[in-house]
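Student: Give me a 3D structure for the following:
(2 chains)
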Amino acid sequence: MNIQFKKGVLEICVLVLATRGDRYGYELAVKISEKFEVAVGSVYPLLSRLTQDGYFSTYLKESTEGPPRKYYHLTPDGWNHMRNLIAEWENFTQAVNEIVEEGLKP
Amino acid sequence: MTTRDRYMLELEGMLKVIPEAQRKEWLYDYYIHFQLAVENGQSEEDAARELGDPKIIANELLLGYRVNQAESNSSFGKLSKAVFSTVSLGLFNVIFILGPYLALAAVLLALWVSAVAMGIASVGVIVESWLNDTFTIPQALTIGLIISALTILLVIGLKALTGAFYKMTLKYLKFNTRIIRGNNK
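Tutor: Numbering: from 1, shown residues only, chains lettered A, B, ... in the order given. The predicted structure is shown next:
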């Protein structure tokens, strides 16, 4: 799949994955790389940008083993942003599907 | 040296320009990533391959940081850095962004230089007339006053123009980064 296309989708996925409780970066990176092939490394710059924009807040939490992990918490702003993105995404995919179906009609 | 060390060093080297606190925070993410990957039975080589080219990661981090910086405190140095980051990320053609940016910046600079020259001229004409009698003193004062009035108008106009140019460039950069990130609003 086209890299730039994937990057846009990545933002929605990261936000949605954090809706059911706070996540740490590695968890998000792995979850996403399981589903589609992305450079896992670009998940972190994305998380950093979303945090700067106020969609995530972060905190460090000790883990049972190893160094403390950075958790990402979806803020109310983040929820709104996610809903907007999903609405846009649905409009977009619907439009694409319509064109594809129309085009493939026998 | 392990793969992780090499990867971290390469990334760190490219982020040297970032203030230490921010850089450490970013690097920590990747450090922990390697750690957890190994704990989960992945080799460091695999983890590094999955993470992707450190050059691309560094560029992505730098771009986000610089656009943010240029936004929060206006300075032409910061704006230029953001422009160059965008170009180095290969987001778009050098000709289409760097060219117009440099051309417009040069025009603005030229206008500012002429404003300064006019300011000097307004004082100069009075001093010159006083020393060499080029004009009579009342004439010189009138000419000096007119030129300085024009200079003030030019400076006010230029200030507005420079501000608009700054804002427009930022908007364009953000627009482009958004497009590339997909949520084209």
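
Student: what sits against B:Q35?
Tutor: A:66-67 (CB atoms under 8 Å, 6 or more residues apart in numbering or on different chains). Bear in mind the C-beta positions are built from the backbone N, C-alpha and C, glycine included.

Student: Look up how far A:P68 lies from it.
Tutor: Per CB to CB, to the nearest Å, B:Q35 is found 11 Å from A:P68.

Student: What of B:G144?
Tutor: 68 Å.

Student: Could you check which of those two is surrounded by more residues?
Tutor: The neighbour comparison of B:G144 against A:P68 (other CB atoms under 10 Å in any protein chain shown) goes to B:G144, with 20 against 13.

Student: Show me what counts as buried in stretch A:49-61.
Tutor: Within stretch A:49-61, the residues that count as buried by 16 or more other CB atoms under 10 Å in any protein chain shown are A:49-51, A:55-56.

Student: So which of these reach chain B?
Tutor: Contacts with chain B within those, counted by CB under 8 Å from any CB of the partner chain: A:R49.

Student: For the buried residues of stretch A:49-61, give me a markdown table that also has secondary structure.
Tutor: A markdown table is the format used below for the buried residues of stretch A:49-61 (DSSP: H, G, I helix; E, B strand; the rest coil):
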| residue | secondary structure |
| --- | --- |
| A:R49 | helix |
| A:L50 | helix |
| A:T51 | helix |
| A:Y55 | coil |
| A:F56 | strand |
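
Student: So which of the buried residues of stretch A:49-61 sits lowest on pLDDT?
Tutor: The member of the buried residues of stretch A:49-61 with the lowest pLDDT is A:R49, at 84.

Student: Any idea how many residues pack against the residue in chain A that chain B sits nearest to?
Tutor: With CB to the nearest CB as the measure, A:G8 is the residue of chain A nearest to chain B, at 1.1 Å. Burial of A:G8 is recorded as 20 neighbouring residues (other CB under 10 Å).

Student: so which strand or helix has it?
Tutor: When elements are assigned from DSSP states H and E, A:G8 belongs to helix A:3-17.

Student: List the pairing partners of the helix or strand just after that helix within its sheet, with orientation.
Tutor: For helix A:3-17, the following helix or strand on the C-terminal side (DSSP H and E) is strand A:23-24. Strand pairing for strand A:23-24, using DSSP bridges, gives strand A:69-74 (antiparallel).

Student: Tell me how many other residues surround A:F36.
Tutor: A:F36 has 11 neighbouring residues, counting by other CB under 10 Å.

Student: Tell me the backbone dihedrals of it, please.
Tutor: Main-chain torsions, A:F36, degrees, to the nearest 10: phi -140, psi 160.

Student: And B:V116, how far from chain A?
Tutor: Here the distance between B:V116 and chain A works out to 38 Å (CB to the nearest CB, to the nearest Å).

Student: Helix, strand, or coil at that residue?
Tutor: The three-state label given to B:V116 by three-state DSSP is helix.

Student: how close does it sit to B:L158?
Tutor: B:V116 sits 11 Å away from B:L158 when distances are taken as CB to CB.

Student: And the residue nearest the centre of chain A, how close does it get to B:M118?
Tutor: The centre of chain A sits closest to A:V14, judged by CA atoms, centre = their mean, with a distance of 2.0 Å. The gap separating A:V14 from B:M118 is 54 Å, by CB to CB.

Student: show me where pLDDT drops low in chain A?
Tutor: A:1-7 (pLDDT under 70).

Student: Near chain B, which residues of it? Just list them.
Tutor: Near chain B, when you scan chain A using CB under 8 Å from any CB, you find A:4-5, A:7-11, A:25-26, A:29-30, A:33, A:39-42, A:44-49, A:52, A:65-67, A:69-70, A:85, A:88.

Student: Name only those of these that count as buried.
Tutor: Here, 16+ other CB under 10 Å leaves A:7-11, A:25-26, A:29-30, A:39-42, A:44-49, A:69-70, A:85, A:88 buried among the residues of chain A next to chain B.

Student: residue ranges with poor pLDDT in chain B?
Tutor: In the predicted model of chain B, residues B:73-74, B:86-96, B:175-185 satisfy pLDDT under 70.
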